[in-house]
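[1] Requesting a structural model of the entry that follows:
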Amino acid sequence: MSKKISVVIPVYNEVEALPDLISQLRAALAENDQWEIVFVDDGSTDGSSELLEKLARDDENVTVVQLYRNYGKSAALAEGFKRVDGDYVITMDADLQDDPAEIPNLIARIEEGYDLVSGWKVDRKDPWTKTIPSKIFNFVTRLLTGVKIHDFNCGLKIYRNEVVKSLDIYGGRHRYIPALAGQNKFKVSEIKVNHRPRIYGKTKYGGARLFHGFFDLLTILFLNRYTQNPLHLFGYFGLICLLVAVAAESYVVYLKVFLGHPFKIHFAMMLFGTMVFVLGLWFFSVGLIAEMIVRTQQGNEHRVKRVIQ
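    The predicted model follows:
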């Protein structure tokens with residue numbers, strides 16, 4: 001029995017590119033018996049919504065999910081993932097830079113036993129203002145997450161269904177989907193894919209995304225290492241503060257007892273020690289509160305990867 005293929009495509013003001021994209025997708029999926037395309041209209045205002053509505057009415061294999069406004073790529077993907085039921089789920093951008101002709105190659109790769117296969121834009125057709133920050137982003141992400149792929153943010157990816165159902169993506173976390181899958185012990189790989197220059201419209205992403213991505217990476221690393229034991233992080237900082245406070249106060253006592261210095265001469269040091277001590281207690285308190293929150297939320301966590309019978 002052949003696998004059903006679901007394609008999820010976020011769309012934001014790509015009306016010029018959509019006709020060519022739809023034609024190329026149908027050609028790429030023609031050899032598959034079962035397939036569906038889920039377009040997520042992320043608040044388009046250029047006519048994309050009307051074109052997609054007509055497409056969905058004319059083709060039973062096409063579903064359009066319209067969002068109230070522009071929520072961003074992570075939210076669009078999350079809504080698309082809720083509605084797919086294919087064995088394999090493919091994501092790609094709507095701007096025609098991702099090549100639908102790569103779909104058979106992605107399917108062949110994932111059938112080698114992987115759970116997620118990401119595209120690698122080796123010959124990327126973008127200006128240096130996007131490629132250089134991207135290389136830095138990918139190097140840092142690869143180093144800190146331990147997931148050894150070259151292009152985390154490539155829009156062209158294929159997943160097994162259980163992977164997309166396990167993902168919790170919001171904000172800018174779509175950039176780190178391979179890392180999130182790797183945290184859940186899914187097998188992640190990559191293949192080189194064709195990347196094409198943008199023909200229609202203009203990019204929707206500015207330089208600020210590099211800074212936003214850094215904060216998202218910190219969030220992911222924290223959730224990976226400390227989500228079950230937040231006191232391990234806050235307690236570490238709290239212990240350092242307490243040790244510094246004890247050292248500062250002990251030094252003042254030493255000066256008083258052994259050298260005869262009056263306390264008032266070192267009042268600033270005493271005050272510093274007291275403040276750091278209070279800060280240490282604050283870290284411990286936050287850690288304990290976080291532990292209680294985690295304990296109450298653990299029952300809602302999706303932990304099961306798959307059931308084999």
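
[2] Quick check: next helix or strand after the helix or strand of the chain with the lowest mean pLDDT?
    One helix or strand of the chain scores below all others by mean pLDDT, DSSP states H and E: helix 209-226, with a mean of 67. Remark: after helix 209-226, the chain's next helix or strand is helix 230-259, criterion DSSP states H and E.

[3] quick one: buried residues of that next one?
    Going by neighbour count (16 or more other CB atoms under 10 Å), the buried part of helix 230-259 is 230-231, 233-235, 237-238, 241-242, 244-245, 248-249, 252, 255. Placement of C-beta: from N, CA and C, glycine included.

[4] List just the nearest of these to residue 129.
    Nearest to residue 129 among those: residue 233, at 35.7 Å, using CB to CB.

[5] separation between the closest one and residue 149?
    27 Å (CB to CB, to the nearest Å).

[6] re earlier: just name the closest of the buried residues of helix 230-259 to residue 189, please.
    Relative to residue 189, the closest of the buried residues of helix 230-259 is residue 233; by CB to CB it sits at 31.3 Å.

[7] Would you mind measuring from that closest one to residue 293?
    Distance, residue 233 to residue 293, using CB to CB: 14 Å.

[8] for residue 23, same thing?
    50 Å.

[9] now do residue 93
    Between residue 93 and residue 293 the computed distance is 37 Å (CB to CB).

[10] ok, now residue 62?
    Using CB to CB, we find residue 62 at a distance of 42 Å from residue 293.

[11] now swap in residue 78 and tell me
    Residue 78 sits 23 Å away from residue 293, going by CB to CB.

[12] Next, give phi and psi for residue 89.
    Here is the backbone geometry of residue 89 (degrees, to the nearest 10): phi -120, psi 130.

[13] how much space is there between it and residue 32?
    Plainly put, residue 89 is 13 Å away from residue 32 if you go by CB to CB.

[14] quick revisit: please compare residue 93 and residue 293 by neighbour count and tell me which comes out ahead.
    residue 93 (20 against 11; other CB atoms under 10 Å).

[15] who touches that one in this structure?
    By CB atoms under 8 Å, 6 or more residues apart in numbering, the contact list for residue 93 reads 9, 10, 155, 156.

[16] Repeat the analysis, applying 7 Å as the threshold.
    residue 155 (CB atoms under 7 Å, 6 or more residues apart in numbering).

[17] Checking it next. Helix, strand or coil?
    Put simply, residue 93 is coil when judged by DSSP: H, G, I helix; E, B strand; the rest coil.
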